[in-house]
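Novice: Here's my sequence, what's the structure:
(chains A and B)
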Amino acid sequence: MIKPAEVRWAVELENFGKCYAVGWTGGRQPVVQGLSLRLAPGQVLGVLGPNGSGKSTMLKALAGLIAPSAGHCRIMGHAAGSAEARARIGYLPESARFAPHQTGREFLRYCAGLSSMPADLIAPRVEAVLAWTGLGVAVDRKMATWSKGMLQRLGLAQAIVHEPAVVLLDEPASGLDPAGRLALAQLIRELAGQGRAVVFSSHLLVQAGETCDRLAILGQGRLLAEGTPAELLGQDPRSSPEPSPLEKLYLEKIHG
Amino acid sequence: MAESHRNPLMASLRRVRLIATQTLAEALHLRLALLLAVAGTMLVLMARWLRDFNFGATELKFLGDFGLGAIGLMGTLLAALATAHLFFSEVAGATIGCVLTRPVRRWEYIGGKLAGVMALLALFVAGLALVLALLIASRGTQLGASFVPLSVFLQACALVWLKLTLVAAMTLLVCSYAGSALFASCAGLLLAVVAHLRPFTAATGWLAWLRLWPNLGLFDAESLLAGGGLATAGLLGLIGYWAVFLLLLGGLASYVFNHREF
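Specialist: Numbering: from 1, shown residues only, chains lettered A, B, ... in the order given. Here you go, the predicted model:
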């Protein structure tokens, strides 16, 4: 459980902008402009938008993988990318391909070690995360044999194995079946319940609306709308990540 | 949860070791490494059948020279290709994001990758050197002739390994800014050729700047075998030369990589 934060905002984007050099002439193409967002600890922010709207760019900037061309990105009050900020985040990249020759347990131990966890805490923490993500018996099999859903769960597990205050997930529901998406939504709500701030990007509007405390809609690198689902829709679609009638039917059929 | 504040240096070294171990584990599963190891073994064994082309040298000397040359050639290919592959497999698979968003410094990542490839090259050289040593020993018994002392042979193998690690460091420097494994492999091999030709560059003229590049001609194992080994001072000097260039290339790669975005 995360203790009450000393800072008010877990995630802050202040007039964030990012440009990339294009061609040989040195021209610069803006991909995100003037993006300002804030998220408190224990909240879930869903970032929606079409391909190329700047969702991944925003998450990469918060993770410190790219530097802002304009504005500031902060994690728990620290500049994104700084050692202090990196010690407080967990990040799941989009479409990550983990080493197929490794088992899930080996990979999680590697990630926990890189996060400078004390050696004696690594094994119990890895077991706890494995149990929480429901990877169970598969964890000692080589990842070459794993399904997409299991790999996504492992991706989530590596992002939280070191108990970060902020979890950044880039398209975590990509490639998941309906059951996997529902399980993911529940895991995200549990993370928020532990006091962690969660930012994730998605194309799944309904799921995002049900899972998130706040939604941000990006388009062509700009923030088009931001607020709670109730503010954006005039009602609150989030009670709990319950399956829709069609999803209920699907789950009944596949689970007998 | 983090223990890095207790002893930052030990925490850094632990992360370098973890990345190196992970890199070595991945390298040992590379089909490329297996292919080059098999090809290298076959080349070393071929020396037995190519001994008629000995240019007047004794048979055992020819076996030693040819075998070490084969290890150097295959090792150079492995150093460049494996380094580029191991680096870009993490970039292409996006798992580099899982590593660099942790409290891992960029130099630790470069250091870990380099150490992992160095360990792979050590295993490669040791394995092929063992095959060569067995071949020379078996032929020496049949001929009733003796080869150079074992310590000199080991020195020669160590020189080959030192040379290969510099090729890996050159390739890693290219990887730190390159956009593809193919480019990095080709550029790494090209830089290795330049470093091998470095003894032939003139002190003056438009190619004089090449003398700043490491001179792989200094790590000539065949000359070492012919000369009966290096004196301690010469060996230490060579190791110092290697260490300086390894640190320079690794440091430069870390500096460039520090500014890279993913």
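
Novice: Name the nearest residue to residue 81, sequence neighbours excluded.
Specialist: Using chain A here. A:Gly64 (2.9 Å; Cβ to Cβ, 6 or more residues apart in numbering or on different chains). For glycine as for every other residue, the C-beta is placed from the backbone atoms N, C-alpha and C.

Novice: try again with chain B
Specialist: Ranked by Cβ to Cβ, 6+ apart and with sequence neighbours excluded, the top spatial neighbour of B:Leu81 is B:Ser185, at 5.1 Å.

Novice: which ones are touching that neighbour?
Specialist: With contact set as Cβ atoms under 8 Å, 6 or more residues apart in numbering or on different chains, B:Ser185 has these partners: B:Ala80, B:Leu81, B:Ala84, B:His85, B:Thr171.

Novice: And the helix or strand where the first one lies, what's buried?
Specialist: Put plainly, it is B:Ala80. Element membership for B:Ala80 (DSSP states H and E) is helix B:59-92. Across helix B:59-92, burial judged by 16 or more other Cβ atoms under 10 Å in any protein chain shown covers B:59-72, B:74-91.

Novice: Just list what it packs against, helices and strands only.
Specialist: helix B:8-27, helix B:31-46, helix B:106-143, helix B:150-175, helix B:181-197, helix B:221-227 (3 or more Cβ pairs under 8 Å, 6 or more residues apart in numbering or on different chains; DSSP states H and E).

Novice: hey, which of these is tucked in deepest?
Specialist: Burial of the helices and strands packed on helix B:59-92 is given as mean neighbour count (mean count of other Cβ atoms under 10 Å in any protein chain shown); helix B:150-175 ranks first at a mean of 23.

Novice: which secondary structure elements does that one contact?
Specialist: Against helix B:150-175 (3+ Cβ pairs under 8 Å, 6+ apart) you get helix B:59-92, helix B:106-143, helix B:181-197, helix B:221-227, helix B:232-258.

Novice: Could you figure out how far it is turned away from helix B:59-92?
Specialist: What separates the directions of helix B:150-175 and helix B:59-92 is an angle of 30 degrees, with axes from the mean of the first three to the mean of the last three Cα atoms, to 10 degrees.

Novice: With A:Asp170 as the reference, name the closest of the helices and strands packed on helix B:59-92.
Specialist: helix B:106-143 (20.2 Å; Cβ to Cβ).

Novice: For the closest one, the averaged confidence score.
Specialist: On average, the pLDDT along helix B:106-143 is 94.

Novice: Please apply the same query to stretch A:82-98.
Specialist: 91.

Novice: is that stretch up against chain B anywhere?
Specialist: Yes - judged by Cβ under 8 Å from any Cβ of the partner chain, stretch A:82-98 comes into contact with chain B at A:83, A:86-87, A:89-98.

Novice: which one of those is nearest B:Val38?
Specialist: Proximity of the residues of stretch A:82-98 next to chain B to B:Val38 (Cβ to Cβ) peaks at A:Arg97, which lies at 27.0 Å.

Novice: give me phi/psi at the closest one?
Specialist: Dihedral angles of A:Arg97 (phi, psi; degrees, to the nearest 10) stand at phi -110, psi 110.

Novice: Report the contact partners of it.
Specialist: With Cβ under 8 Å, 6+ apart, A:Arg97 has these contacts: B:Ala92, B:Gly93, B:Ala94, B:Thr95.

Novice: and chain B, which of its residues are near chain A?
Specialist: B:1-4, B:11, B:14-15, B:18-19, B:22, B:25-26, B:29, B:92-95, B:97-105, B:261-262.

Novice: if I look at the residue nearest to A:Gly81, how far off is A:Leu218?
Specialist: Distance, A:Gly64 to A:Leu218, using Cβ to Cβ, to the nearest Å: 20 Å.

Novice: Where does pLDDT dip in the stretch 151-256 of chain A?
Specialist: A:234-244, A:246-247, A:249-251, A:253-256 (pLDDT under 70).

Novice: what are the ranges of the strands in it?
Specialist: Ranges of strands in the stretch 151-256 of chain A, per DSSP state E, counting those that start in this stretch, are A:166-169, A:197-202, A:214-219, A:222-227.

Novice: of all those strands, which lies closest to chain B?
Specialist: Minimum separation from chain B across the strands of the stretch 151-256 of chain A (Cβ to the nearest Cβ) falls at strand A:166-169, 7.9 Å.

Novice: Run me through the strand neighbours of that closest one, direction for each.
Specialist: strand A:89-92 (parallel), strand A:197-202 (parallel) (DSSP bridges).

Novice: Using JSON lines, lay out these together with distance to A:Gln186.
Specialist: Converted to JSON lines, the strands paired with strand A:166-169 look like this (distance: least, Cβ to Cβ, whole Å):
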{"stretch": "strand A:89-92", "distance to A:Gln186": "16"}
{"stretch": "strand A:197-202", "distance to A:Gln186": "12"}
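
Novice: In the stretch 1-150 of chain A, where is pLDDT below threshold?
Specialist: For the stretch 1-150 of chain A, the stretches flagged by pLDDT under 70 are A:1-6.

Novice: Which residue ranges of it form strands?
Specialist: A:11-22, A:27-39, A:44-48, A:70-75, A:78-79, A:89-92.
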